[in-house]
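Novice: here is the input, now give the coordinates:
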Amino acid sequence: MHLNKIFKKSYFTIILFLIICCANNNDFEIIDEEVFEDTNADVLKVLSLGDSYTIGQSVCENCKFPSQLVDSLKKRNNLLEIELNVIATTGWTTTNLINAINNQDLDDNYNFATLLIGVNNQYQNIPFSVYEKEFPDLIQIATTAVGGNKEKLVVLSIPDYAFTPFGNGNTTISEEIKKYNDYAKTYCENKNITFLNITDITQEGLTNTSYVANDGLHPSEEAYSLFIERLLPIAIQKLNLQ
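Specialist: Below is the predicted model:
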């Protein structure tokens, strides 16, 4: 009889111990999950695709327009964190950009993306038909990167390097750049994708030399700041940060 009482007491002690352990484990799981969700809520992912105009050739690392955009968003909204991924290299054509993206495992959960591409197609005298084929491909890639939501994508027009010491006012350059921009603008409008014109800013480069970098070809930090004056309100609206 005495042993039976001991057994029952031990049995209930074990059951109580298991209940407490399970309850504690559940509490820890809930806390971990809440912390994870709160952290992610303050992280924005920004993707910028392009060439020298996106990588910021001949300006400082924080002077290129994607970095200026991120800095402006942080200052305005006191965000905990913004992750910026720039896939761009000086000299890249649409083909180069597509190949570079295909060699990466690009996420599809970006909150915002920019695309600025085409000047090297023009400069290298690549048939315009290549741009007509590959620009839509890049639009699709960028749209996929923002989870299929094209509202989160902005296409920037190609700067006009005719208005630099390198271009020296060459009207042929301007005419060809306009052909690329007209195509991109029409395509974006037909697909309800935001197209942002910044070309007119760069067309002041011969009269306002501060808009041209020291290499005599690419936009300066000041010119990129003017890009941001136009891009920032769009990004704020698309990111629902108002």
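Novice: only C-alpha atoms from now on, for both contacts and neighbour counts.
Specialist: Fine.
Novice: sec struct for the spatially most central residue of the chain, please.
Specialist: Geometric centre of the chain, nearest residue: Leu47, 2.0 Å, by CA atoms, centre = their mean. Here Leu47 is recorded as strand under DSSP: H, G, I helix; E, B strand; the rest coil.
Novice: can you tell me how far it is from Lys64?
Specialist: 13 Å (CA to CA, to the nearest Å).
Novice: Asn192 too?
Specialist: 27 Å.
Novice: these two: who's more crowded?
Specialist: Lys64 (26 against 11; other CA atoms under 10 Å).
Novice: I figured that one was touching Leu226, is that so?
Specialist: No. With contact defined as CA atoms under 8 Å, Lys64 does not count as touching Leu226 (11.4 Å).
Novice: neighbouring contacts of stretch 81-93?
Specialist: 42-55, 57, 66-67, 70, 74, 97, 100-101, 117-121 (CA atoms under 8 Å, 6 or more residues apart in numbering).
Novice: can you check stretch 152-159 too?
Specialist: By CA under 8 Å, 6+ apart, stretch 152-159 touches 111-119, 142-143, 146, 177, 180-181, 184-185, 188, 193-200, 202-203, 238-239.
Novice: looking at those residues, which are in helices?
Specialist: Counting by DSSP state H, the part of those found in helices is 119, 142-143, 177, 180-181, 184-185, 188, 199-200, 202, 238.
Novice: specify which member of these is nearest to Phe128.
Specialist: Phe128 lies nearest to Tyr180 out of those, by CA to CA, at 8.1 Å.
Novice: residues near the nearest residue to that closest one once chain neighbours are set aside, how many?
Specialist: With CA to CA, 6 or more residues apart in numbering as the criterion, Tyr180 has its nearest non-adjacent residue at 7.1 Å, and that residue is Gly118. Residues near Gly118, counting by other CA under 10 Å, number 26.
Novice: residue ranges with poor pLDDT in the protein?
Specialist: Low-confidence segments of the chain, defined by pLDDT under 70: 1-41, 79-80, 242.
Novice: for it, which segments count as strands?
Specialist: With DSSP state E as the definition, the chain shows strands at residue ranges 43-50, 81-88, 112-116, 153-156, 194-196.
Novice: turn the ones you listed into TSV, including distance to Leu217.
Specialist: Formatted as TSV, the strands of the chain follow (distance: least, CA to CA, whole Å):
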stretch	distance to Leu217
strand 43-50	17
strand 81-88	17
strand 112-116	17
strand 153-156	18
strand 194-196	21
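Novice: among the ones you listed, which is nearest Phe128?
Specialist: Here strand 112-116 is closest among these (CA to CA), at 16.3 Å.
Novice: that closest one - contacts with which helices or strands?
Specialist: Applying 3 or more CA pairs under 8 Å, 6 or more residues apart in numbering; DSSP states H and E, we find strand 112-116 packed against strand 43-50, helix 128-145, strand 153-156.
Novice: make it 7 Å
Specialist: Applying 3 or more CA pairs under 7 Å, 6 or more residues apart in numbering; DSSP states H and E, one finds that strand 112-116 contacts strand 43-50, strand 153-156.
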